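Asker: fold the following.
(2 chains)
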Amino acid sequence: GQSLEQPSEVTAVEGAIVQINCTYQTSGFYGLSWYQQHDGGAPTFLSYNALDGLEETGRFSSFLSRSDSYGYLLLQELQMKDSASYFCAVRPDTGRRALTFGSGTRLQVQP
Amino acid sequence: DSGVTQTPKHLITATGQRVTLRCSPRSGDLSVYWYQQSLDQGLQFLIQYYNGEERAKGNILERFSAQQFPDLHSELNLSSLELGDSALYFCASSVGQADYGYTFGSGTRLTVV
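Answerer: Just a heads-up that it's a prediction; the model follows:
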């Protein structure tokens, strides 16, 4: 099966950099995805790492290390609008399975 | 607007009742996924359909069922409802059957009283 662990809550100040970690236990998967969800809103896709290393998309970057069973989402130049929940997700490589999501990290950006 | 349409947005019903949630995927997407999100919880995968056929099943209760119609819209049926079924139910869609980037609808908030 798949198990993804994230910190439940992270707090940071506007303009700072924050890293949201995701550690996983899975028999195998194709890649690590990240989604953002504002309170009362729908999850929206942020980034995907198929291979080890860093992927950068504007202020957001995502990293994957399969050897360490670990990934993270890095948010730079934090803005108030970044306050949201962030979920990591994997798609298992056994059988035809849909994305399995972590429990999510609530990011609170303070002025 | 993500292009994925879910109706209704809110639903309040009594225990023991049956409800149907509806989802229209984004134009061009063939896969539809259903997820359940309870208060302050992650997204629990229920079921996936691809081009009318069931492709994957998650932690879906026997009281719940779903289908995807020829026009690709999908319905999730929840029966013999219990208080614990109160949650946000999201539908998502993607082009293929093995994608990593889903487009989610705005969800249906179900309250069982």
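
Asker: got the residue ranges for the helices in chain A?
Answerer: Using DSSP state H, no helices are found in chain A.

Asker: need the residues of it near chain B, please.
Answerer: Contacts of chain A with chain B, taken as Cβ under 8 Å from any Cβ of the partner chain, map to A:30-31, A:33, A:41-45, A:48, A:87, A:89, A:91, A:95-104. For every residue, glycine as well, the C-beta is placed using N, CA and C.

Asker: ChimeraX command to pick out the buried ones of those?
Answerer: Restricted to buried positions by 16 or more other Cβ atoms under 10 Å in any protein chain shown, the ChimeraX selection for the residues of chain A next to chain B reads:
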select /A:31,33,42,43,45,48,87,89,91,97,98,99,100,101,102,103,104
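
Asker: which ones among the residues of chain A next to chain B lie within strands?
Answerer: A:30, A:31, A:33, A:44, A:45, A:48, A:87, A:89, A:91, A:100, A:101 (DSSP state E).

Asker: so the last one touches residue A:5, yeah?
Answerer: If I follow you right, that is residue A:101. No - between residue A:101 and residue A:5 there is no contact under Cβ atoms under 8 Å: 11.8 Å.

Asker: got any ranges where the chain has weak pLDDT?
Answerer: Here I'm looking at chain A. Along chain A, the model assigns pLDDT under 70 to residues A:1, A:95-96.

Asker: chain B was what I was after
Answerer: For chain B (pLDDT under 70), the answer is B:40.
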